[in-house]
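> After the sequence you'll find the predicted model.
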Amino acid sequence: MPPVLTAESHDSVVTLDPSVSMAVETLAADLLPFAGGRMDDPAWIRQAGRLSHDLPAALRKSLAAFGRDPGAAGSLLIRGLPFDEELIGATPSVSGSVQREATIPASVLMLLTHVLGEPISFRPEKSGAMVHDVVPVPGSEESQGNEGSDLLTFHNENAFHHHRPDFVLLLCVRADHDRVAGLRTASIRQVHHLLGATHRETLFRPEFTTAPPPSFALPASHSEPHPVLSGAPDDPDLLVDFAATEPLTDRAAQALLELQRLFSVHALTHRLLPGDLAVVDNRVTAHGRTGFVPRYDGRDRWLHRTFATQNLRRSRIHRADDGHVLTD
């Protein structure tokens with residue numbers, strides 16, 4: 001029997017055997033009609049969680065191992081998930097685009113999200129939909145968010161929020177025309193030892209504030225002062241958005257510049273193709289994207305995005321009826 005997972009270049013990239021991909025597609029097809037195919041329905045979400053236990057064991061083990069220890073890169077790329085580009089329709093090009101009705105790619109993504117934890121969304125962001133479209137929108141080319149197409153700087157997802165996701169999942173359903181758009185990831189584990197003692201100490205101080213991203217329908221504001229690094233001194237957590245994090249002191253500004261430089265030098269870049277899933281550990285890894293030129297012809301780059309948390313209970317006060325949508 002051929003292996004169901006094969007490693008590529010390093011442990012953070014695996015490729016599915018076609019038989020595994022077919023099994024995932026069959027499971028997603030079984031999920032499609034449940035609760036009328038309404039992906040945001042709590043009953044549909046619960047069913048996705050139940051069916052996630054039936055995913056091929058090797059795939060579940062790979063995701064579970066990453067969830068426990070994301071390695072030095074803090075990101076995982078799974079290639080070979082099921083897709084059929086002719087069945088997905090035109091790439092959306094409107095602001096706030098989401099997936100409300102179940103499709104094979106979106107269902108696959110939700111199944112895999114459940115392996116890493118509980119799916120969550122945020123009411124002020126894309127009306128609380130569970131599956132977001134990451135697509136270029138005319139007039140938003142320079143936006144530092146999921147609707148832009150210029151260079152997207154490194155950031156932790158929803159860095160301003162107390163209950164930001166532990167994992168960000170990005171499934172490619174259509175690549176950009178020129179195949180130049182690259183997902184970039186940079187982990188604090190890759191560069192922590194390269195930071196000077198003074199910069200490292202400063203990054204552990206609460207001398208930074210962070211504003212919400214453009215995708216949140218919130219008034220302009222900043223978080224309370226926070227450190228960029230926290231937790232274990234030898235293996236810290238990361239909290240930064242280079243487009244929205246502001247230093248409060250001169251030493252903080254210098255430390256932030258040095259961290260940004262190190263991320264740029266040591267980042268990994270993956271040019272996602274249809275059927276590729278990138279998983280980013282949002283606790284230790286920032287992500288961004290190289291620039292590309294959209295054509296707005298219905299065939300532009302299109303990703304589906306979900307969030308997962310390993311501790312859903314922690315945000316209970318923000319979730320009505322113990323659901324999956326944070327109200328604020």
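That came through, no problem.

> okay, which residue is most central for this structure?
Centroid-nearest residue in the chain: V168, 2.4 Å away (criterion: C-alpha atoms, centre = their mean).

> Kindly point out the strands partnered with the one helix or strand it maps to and how each is oriented relative to it.
Assigned by DSSP states H and E, V168 falls within strand 167-174. Counting by DSSP bridges, the strands paired with strand 167-174 are strand 277-281 (antiparallel), strand 302-309 (antiparallel).

> model confidence over that strand, on average?
Across strand 167-174, the average pLDDT comes to 98.

> What separation do you get for T327 and F263?
From T327 over to F263 the distance is 33 Å, taken as C-beta to C-beta, to the nearest Å. Quick note: C-beta positions are derived from backbone N, CA and C, even for glycine.

> count of residues packed around T309?
Close neighbours of T309, defined as other C-beta atoms under 10 Å, add up to 21.

> Likewise for D322?
Neighbour count of D322, defined by other C-beta under 10 Å: 9.

> now A43
In terms of burial, A43 registers 11 neighbours under the definition other C-beta under 10 Å.

> same check, this time on E142
Counted with other C-beta under 10 Å, residues neighbouring E142 total 10.

> where does V180 fall, helix, sheet strand or coil?
Look at V180: counting by DSSP: H, G, I helix; E, B strand; the rest coil, its state is coil.

> For it, report the pLDDT, please.
97.

> The closest residue to V134 other than its chain neighbours - how many residues pack around it?
Nearest residue to V134, sequence neighbours excluded (C-beta to C-beta, 6 or more residues apart in numbering): L303, at 3.9 Å. Counted with other C-beta under 10 Å, residues neighbouring L303 total 25.

> hang on, isn't L303 packed against L169?
No: between L303 and L169 there is no contact under C-beta atoms under 8 Å: 9.6 Å.

> contacting residues around A243?
By C-beta atoms under 8 Å, 6 or more residues apart in numbering, the contact set of A243 is 144, 153, 155, 213.

> For T327 and F263, indicate the residue with more neighbours.
Shown here are T327 and F263; by other C-beta under 10 Å, F263 has more neighbours (24 against 13).

> Correct me if wrong: that one contacts T269.
No: the pair F263 and T269 fails to qualify as a contact (C-beta under 8 Å) at a distance of 12.0 Å.

> In TSV, list the strands paired with strand 167-174 along with mean pLDDT and distance to M22.
Output for these, formatted as TSV (pLDDT from 0 to 100; distance: least, C-beta to C-beta, whole Å):
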stretch	mean pLDDT	distance to M22
strand 277-281	98	16
strand 302-309	98	20
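
> Pretty sure T185 sits against V280.
Yes: judged on C-beta under 8 Å, T185 makes contact with V280 at a distance of 6.0 Å.

> Find residues that contact each of those two.
Here T185 and V280 share the contacting residues 74-75, 287, scored by C-beta under 8 Å, 6+ apart.

> Now, those that are in strands?
Members of the shared contacts of T185 and V280 lying in strands (criterion: DSSP state E): 75, 287.

> A106 falls within a helix, correct?
Yes: using three-state DSSP, the assignment for A106 is a helix.

> Any idea how many residues pack against S315?
17.

> Kindly report the same for H318.
H318, neighbours per other C-beta under 10 Å, totals 16.

> Now do it, the pLDDT please.
93.

> State the distance from it to L312.
H318 is 11 Å from L312, where distance means C-beta to C-beta.

> Enumerate every residue touching the closest residue to S140 other than its chain neighbours.
Using C-beta to C-beta, 6+ apart and skipping the chain neighbours, the partner closest in space to S140 is E147 (4.2 Å). Shown in contact with E147 (C-beta under 8 Å, 6+ apart): 95, 134-137, 140, 214-215.
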